[in-house]
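**Student:** Fold the following, please.
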Amino acid sequence: MTTLNLNNNTMPQNTISCCSGNGECMNNNLTGCSFNCTKCPNYEYCRNSSPADILLCHNGTCTHCDMDKYLHNVNHEFRDTNEACVVCFEEKGREMKFPSCTHWFCTDCMRKIILGKDEEEYNLSPVPYGCPPCPNGCVNPERGRQCNCIEWDNEDEDEGPLGPMFLWEQHNPNMFQRWCYHNTLSIRYGEGPTSCYGTKMCPCCRSETD
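**Tutor:** Reported below is the predicted structural model:
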């Protein structure tokens, strides 16, 4: 097994020091990570990256996928497909087998069904409530993942000019509170009470993962 050298004094000049070993180097296309971060073989589902030595300690997968295999005897299966997902009706090109039955769904829907919803996907844009748009020109959806640029919501003058969203909050507290209230409701209800997301149950046969 490869031994990692974590002594910063011996790291080459082009080695980055901002990676914590959770794949930040891969997400930002940086090179020289001393942890030798590697994507889990099930990355398209779990989205986990770990130091190569950690994967070796968990049967070649991340800790999460190794626990799935140990506790639930689950080996995640993937395949290419030209058909639309039966949940979102989109053609993603890849799908994953539900762990406890024979049905297949796109990996995005599988993540939402088993792991639950990503709250950021249900955030509301504050722009319709009177907030100026992101100064970087980012086009944010009325409902969905927002850019969260520091220039938009900067609250610290030491970090640069105060963001227009922060200034809007200070000068229009009523509209800001209204946006916060509606944003909380949007996240709470997600896709609605009839959605299969977060249920951990197959939408076709209702078999459960646990």
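**Student:** Now do the same contact list for residue 152.
**Tutor:** Residue 152 is in contact with 134, 135, 136, 138, 163, 164, 165, counting by Cβ atoms under 8 Å, 6 or more residues apart in numbering. (Glycine included, C-beta is placed from N, CA and C.)
**Student:** Give the closest residue to the last one in space, chain neighbours not counted.
**Tutor:** When the adjacent residues along the chain are set aside, residue 165 lies closest to residue 153, with 4.3 Å between them (Cβ to Cβ, 6 or more residues apart in numbering).
**Student:** Show the model's pLDDT score for that neighbour.
**Tutor:** Reported pLDDT at residue 153 in the predicted model: 89.
**Student:** between the contacts of residue 152, which is closest to residue 115?
**Tutor:** Minimum distance to residue 115 across the contacts of residue 152 is 26.4 Å, recorded for residue 138 (Cβ to Cβ).
**Student:** Now residue 165, what are its backbone angles?
**Tutor:** phi -70, psi -40 (degrees, to the nearest 10).
**Student:** From residue 125, how far off is it?
**Tutor:** 10 Å (Cβ to Cβ, to the nearest Å).
**Student:** contact partners of stretch 103-112?
**Tutor:** Residues from elsewhere that reach stretch 103-112 (Cβ under 8 Å, 6+ apart): 44-45, 47, 78-79, 81, 85-88, 90, 92, 94-98, 113, 118, 197-198, 202-205.
**Student:** mind running it again at 6 Å?
**Tutor:** By Cβ atoms under 6 Å, 6 or more residues apart in numbering, the residues outside stretch 103-112 that reach it are 44-45, 85, 87-88, 92, 94-97, 197, 202, 204.
**Student:** measure it end to end?
**Tutor:** End-to-end span of stretch 103-112 (Cα to Cα, to the nearest Å): 16 Å.
**Student:** now stretch 194-201
**Tutor:** End to end - Cα to Cα - stretch 194-201 spans 13 Å.
**Student:** and what of stretch 120-129?
**Tutor:** 18 Å.
**Student:** what does stretch 86-100 give?
**Tutor:** So stretch 86-100: terminal residues 17 Å apart, Cα to Cα.
**Student:** Kindly provide the distance from residue 77 to residue 203.
**Tutor:** Applying Cβ to Cβ to residue 77 and residue 203 gives a distance of 17 Å.
**Student:** Looking at these two, which has the bigger crowd around it?
**Tutor:** residue 203 (16 against 12; other Cβ atoms under 10 Å).
**Student:** Next, give phi and psi for that one.
**Tutor:** Per-residue torsions, residue 203: phi -70, psi -20 (degrees, to the nearest 10).
**Student:** can I assume it is in contact with residue 196?
**Tutor:** Yes: between residue 203 and residue 196 there is a contact under Cβ atoms under 6 Å: 4.2 Å.
**Student:** Output the lowest mean pLDDT helix or strand found in the chain.
**Tutor:** helix 24-27 (a mean of 64; mean pLDDT, DSSP states H and E).
**Student:** Helix or strand next in line after it, which one?
**Tutor:** Downstream of helix 24-27, the next assigned helix or strand under DSSP states H and E is strand 37-39.
**Student:** got a list of contacts for stretch 140-150?
**Tutor:** Contacts of stretch 140-150 with the rest of the structure, by Cβ under 6 Å, 6+ apart, involve 120, 121, 123, 124, 125, 134, 136, 138.
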